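Enquirer: Here is my input; please provide its structure:
(2 chains)
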Amino acid sequence: MAASILRRSLLAPRCRAGDVAALHSGPSRRRAQAPGPIASGRKTVKSPAGERGVAPWVAVVGLEIHAQISSNSKLFSGSQVQFAAPPNSLVSFFDASLPGTLPALNRRCVEAAVMTGLALNCSINKKSLFDRKHYFYADLPAGYQITQQRLPVAVNGSLSYSLCVGGKKNQMVTRTVRIKQIQLEQDSGKSLHDDTRSQTLIDLNRAGVGLMEVVMEPDMSSGEEAAAAVRELQLILQTLGSSQAIMAEGQLRVDANVSVHHPGEALGVRTEVKNINSARFLARAIDYEIQRQIKELENGGTVINETRAFDYKLGCTIPMRDKEGKQDYRFMPEPNFPPLILYDTKSLPASTNHQQVVNIDWIRERLPDLPSVRRVKLVEQYGILPEHSFTLLNEDGLMEFFENVARQTQMSAKKVIGWILNDMLGYLKQHNLTVQESPVSSLFLADLLNLLERGTISSSAAKQVLEELWKGEGKTPLQIVKEKKLELIQDQQELEQICQAVMEEHQEEVMEIKKGNPKVLNKLIGLVQRTTRGRADPVLVKQILEKRLSQ
Amino acid sequence: MRKSGGGRMWILRCGRSLRGAPSGGASYWGGLSPGSRFTQAASGGSDGREEAAGDPRRRGRVYQNPTWQHVEQRPRPEKKVTVEVLDHLERLALVDFRNWEGVQRLEKAIQFADQLHAVNTEGVEPMDSVLEDRCLYLREDNITEGNCTEELLQNARETVEEYFVAPPGNIPLPKLEERDTFLQVSE
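Expert: Coordinates of the predicted model:
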């Protein structure tokens, strides 16, 4: 396969549900949703104009997130859902839109959507309807996409996320973004553009896979907030199991709607930014687009309502070629489906087939602990700071690692967290490994911390041992300590002799201290440590030196 | 029902063409004459059905008394379709009206459908599916289909290494000024 000449398609004329509302009500849609109480917490984007005395600009960012549902089969057909498979091998007759085929709704996808709706505090619509959204593109064989535009499964929720603000990025604030709706829809196929032969190759393996579209209200005002919200949503979806939400595999796709305006004035014209492949690029793309719009407006130009693609190599957004302005999707009710009825324990009819019933209360009882709840539990149980709990949950598997270590060691959790976040995480990032691939197991780390706690070794010696452990040669911490002779000197007399020797060698410093300059004491302690090659307990050394000096 | 008109709309015309009843008029039954097949049920059944009507088991299926009501209609104004809308439709749905006769058929079809406005639907929930009293069948999440690459590719004229081949992107219809169409000539 001449893969070098093929490039991934920039998904062309694909608006999302939110766009159609804009079609019909134009700018009034944005105006109607200008948030009230949340505006007070909004950060103002500092533009050069702000410093020159011109009114500051405020950016408004809304997200439309498509999360691929983690299920065995597709939404409306029984073909398999798999990421990398031979082209067109996971396609059924319905996915290829051959005439005479009909859709059959997958129960697991409905449950996933209900779970996500409950986790995001949405109200679940007991009756929801399916619609057809018509547009022509080669990777949509039917010419329409079955989605839920009028009455989606879940509406009116909220998502809370935290981010670090302040000059030193050390203050955590919690912000909320409202969720407009969550709906079920079909995915389209994949198109690979072959520009040299002027053709497009279509692979329908992905066509028909279930997607949850999460439409957020435009409550955010910067790329950083958007990235934090997306990260939080990713964690929630992964915890629920409704989606694996890996952006690199295309299981989580984010489109951003960006506009800028002066505070107090009407909302500006927005543009849609697509083709964002990771959370990092999301923040950069949105920030670039905000700056571009500000520059454009300050130079007297206008912002056109268009779709732009983010080019991650250049770090900028470029207009997409295939977009022909506003699309008319000609929504119509899906004639092959009656309304989807969901039940709760009160409304459950007496004699029904379990398989045919999705019970909201049953799903609510079985919801796992959401990330926010897990963080609170960590803070309560171990007494760590909230920022630490964020870092623990952000890294896949780190929380379990921390809990294992804390369980097996006598050291207090607050000290353990320091070791985990600074040393372990530092090493993992340096070598680009995941927690599961770490050569240091939780048992070894617990052993090491026990040695430190008991006073067998000093903390600098412990760091040396950890470095040795990272080589992954399978030696236990105790073995390494014995090999390298890193134990603390337990013999008081030996310590006193060494201190005496150091004091005699450095009479000047002794004079300084006796004159009343206590800081020089630290230098003496350092010298003792160097002589003993880190095997002296600094507290004890200080005591001995002070005792000697006061004589 | 037979296909008639521009080929794009199914229109109930058999009544009119079979019996030659006058078109238009104030009857709720549109172009149908009282004697056509579709109105017989309302008036209590024909010969073939009278026996069924007498049968106690089947009496419930056929209404004894008509449930239809006469509604006096005002003659509705002729709706004209503008050139912009026609261009929009041609671009979106890729239909070709071909000439003004096609446009006239479209206007007549719109007029026919507009008769629905005579009905008062205040407080009535719109029906969007005749299946609304059935439950939506939920399928279990099992893999039952797929792996028919060869069969699917047989349908395609051109394939490249098990991919379908398509033109590079959408080729939009040229703008109204730039293409050769009857719409350019103003009415």
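
Enquirer: Show me where chain B has its strands.
Expert: With DSSP state E as the criterion, chain B has strands at B:138-139, B:159-160, B:163-166.

Enquirer: if I look at residue A:66, how far off is residue A:462?
Expert: As for residue A:66, its distance to residue A:462 is 47 Å (criterion: Cβ to Cβ, to the nearest Å). (Glycine included, C-beta is placed from N, CA and C.)

Enquirer: more crowded one of those two?
Expert: Taking other Cβ atoms under 10 Å in any protein chain shown, residue A:66 and residue A:462 do not tie; residue A:462 has more neighbours (22 against 19).

Enquirer: So the more buried one belongs to a helix, correct?
Expert: Yes. Judged by DSSP: H, G, I helix; E, B strand; the rest coil, residue A:462 forms part of a helix.

Enquirer: Contacts only, for it.
Expert: A:448, A:449, A:451, A:452 (Cβ atoms under 8 Å, 6 or more residues apart in numbering or on different chains).

Enquirer: can we see that at 6 Å?
Expert: The contact partners of residue A:462, taken as Cβ atoms under 6 Å, 6 or more residues apart in numbering or on different chains, are A:448, A:452.

Enquirer: Check the one 5 residues further on too.
Expert: Contacts of residue A:467 were listed using Cβ under 6 Å, 6+ apart, and none were found.

Enquirer: Quick one, grab the pLDDT at it.
Expert: At residue A:467, the model reports a pLDDT of 82.

Enquirer: Equivalent analysis for residue B:86, please.
Expert: You'll see residue B:86 listed with a pLDDT of 88.

Enquirer: what's the distance between residue A:510 and chain B?
Expert: When distance is defined by Cβ to the nearest Cβ, to the nearest Å, residue A:510 is 79 Å away from chain B.

Enquirer: Tell me which helix or strand that residue sits in.
Expert: Secondary structure from DSSP states H and E places residue A:510 in helix A:507-515.

Enquirer: still on that earlier bit, TSV please, covering the strands of chain B and showing distance to residue B:65 and mean neighbour count.
Expert: Shown next, in TSV, are the strands of chain B (distance: least, Cβ to Cβ, whole Å; neighbours: other Cβ atoms under 10 Å in any protein chain shown):
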stretch	distance to residue B:65	mean neighbour count
strand B:138-139	41	20
strand B:159-160	63	17
strand B:163-166	58	21
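
Enquirer: among those, which gets the worst mean confidence?
Expert: Mean pLDDT is lowest for strand B:159-160 among those, at a mean of 89.

Enquirer: Contacts for it next, please.
Expert: For strand B:159-160, contacts defined as Cβ under 6 Å, 6+ apart pick out A:201, B:153.

Enquirer: The nearest residue to residue A:129 once chain neighbours are set aside: what's it in contact with?
Expert: Counting by Cβ to Cβ, 6 or more residues apart in numbering or on different chains, residue A:129 lies nearest to residue A:151, which is 4.5 Å off, once chain neighbours are set aside. Listed by Cβ under 6 Å, 6+ apart, the contact partners of residue A:151 are A:125, A:128, A:129.

Enquirer: same question, residue A:205
Expert: A:85, A:90.

Enquirer: Also residue A:486?
Expert: Residue A:486 is in contact with A:457, A:461, counting by Cβ under 6 Å, 6+ apart.

Enquirer: Now do the SS call for residue A:539.
Expert: helix.

Enquirer: before we move on, the earlier item: just how off-centre is the helix holding residue A:510 within its chain?
Expert: Distance of helix A:507-515 from the chain centroid (Cα atoms, centre = their mean, to the nearest Å) equals 56 Å.

Enquirer: Great, nothing more from me.
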